[in-house]
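Chemist: sequence below, structure please.
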Amino acid sequence: RIKCTVGLQTQKDLDAYIVAYRRAVMRCHTEQMEKINRCLRDLWVSVYRGGDIDFIEIRTDEDDGEGGAGKKRKTVNYRVVMQKGEAVVDMRQHSSAGQRVLAALLIRLALAEVFCNNCGIITLDEPTTNLDKDNVQSLAMALSAFIKQRHGSGNFQLIVITHDEDFVELLGRNEYIDYYYKVQRNANNYSCLTRKSVLELTHGAR
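Modeler: Below is the predicted model:
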């Protein structure tokens, strides 16, 4: 009887701990999503030059799925929405390729800002694809501000892979960027890496 009573009490305690743990996880998730969306909204407002979208954010939908032993288990689905005034629509089917590319870049920056203070390496591969000239300039300005903000952390590095020399020139106006590396083929048809000063681009642009 003692063993049975202890077992029942242990089960009750474990059930209470599981409920408390799940609540704590969901509360933490909610707080982190609020931080991400605040950062994402600020980035969008500062970068996007169109007048058809006020801001974007990540929405979450919770579903009750089946867990182990037939128990209910919550799952979270994510979607990106865009808002103009009071109208809110999913971005996937109602936005241009350039808008989706820009949203993906800014979401990565927002995630890095919230979660990656101790792992400050961000890589952007062809970030200007499908962006018009105004949004390319705005993205360069936002990245420059991001670099300036994170410069004092001591563990931040931004790696940009691009064919867009105009974009590199815009980034080169930042006081923290002095040079870039250019991949070219040499006389033997091998790829080689050449370090170049950003001043070559900025002087050429002028």
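Chemist: gap between the residue nearest to N77 when sequence neighbours are not counted and D90?
Modeler: Nearest non-adjacent residue to N77, counting by CB to CB, 6 or more residues apart in numbering: D61, 4.7 Å away. Using the backbone N, CA and C atoms, a C-beta is placed for each residue, glycine as well. According to CB to CB, to the nearest Å, D61 and D90 sit 11 Å apart.
Chemist: of those two, which one has the most company?
Modeler: D90 (12 against 9; other CB atoms under 10 Å).
Chemist: centroid residue for the protein?
Modeler: R108 (1.4 Å; CA atoms, centre = their mean).
Chemist: circling back: and the residue nearest to N77, what helix or strand is that in?
Modeler: Following DSSP states H and E, the helix or strand that holds D61 is strand 55-66.
Chemist: give the next helix or strand downstream of that strand.
Modeler: Next along from strand 55-66, by DSSP H and E: strand 72-84.
Chemist: just the buried positions in that next one, please.
Modeler: Residues of strand 72-84 classed as buried: 80, 82 (neighbour count, 16 or more other CB atoms under 10 Å).
Chemist: and what of stretch 102-113?
Modeler: Neighbour counts over stretch 102-113 (16+ other CB under 10 Å) mark 102-103, 105-107, 109-113 as buried.
Chemist: returning to what we had before: any shared contact partners between D61 and D90?
Modeler: R79 (CB atoms under 8 Å, 6 or more residues apart in numbering).
Chemist: V88 versus V47, what's the distance?
Modeler: 20 Å.
Chemist: neighbour count: the two, which is higher?
Modeler: A count of neighbours by other CB under 10 Å puts V47 above the other of V47 and V88, at 23 against 11.
Chemist: how close does that one get to Q83?
Modeler: 16 Å.
Chemist: in terms of secondary structure, what does the helix ranked longest in the chain contact?
Modeler: Longest helix in the chain by number of residues (criterion: DSSP state H): helix 2-47. When contacts are defined as 3 or more CB pairs under 8 Å, 6 or more residues apart in numbering; DSSP states H and E, helix 2-47 packs onto strand 55-66, strand 72-84, helix 97-115, helix 133-150.
Chemist: of these, which is nearest Q11?
Modeler: Closest to Q11 of the helices and strands packed on helix 2-47, according to CB to CB: strand 72-84, at 17.4 Å.
Chemist: quick check: mean pLDDT of the closest one?
Modeler: Average pLDDT, strand 72-84: 85.
Chemist: output the helix or strand hosting V88 in PDB with nothing but the alpha carbons.
Modeler: Here V88 sits within strand 87-90, counting by DSSP H and E. Taking Å, rounded to 0.1, in the frame of the first residue of the first chain, the C-alpha atoms of strand 87-90 are listed here in PDB:
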ATOM      1  CA  ALA A  87      -5.300  44.500 -43.500                       C
ATOM      2  CA  VAL A  88      -3.200  41.400 -42.700                       C
ATOM      3  CA  VAL A  89      -2.400  38.700 -45.400                       C
ATOM      4  CA  ASP A  90       0.000  35.800 -45.700                       C
END
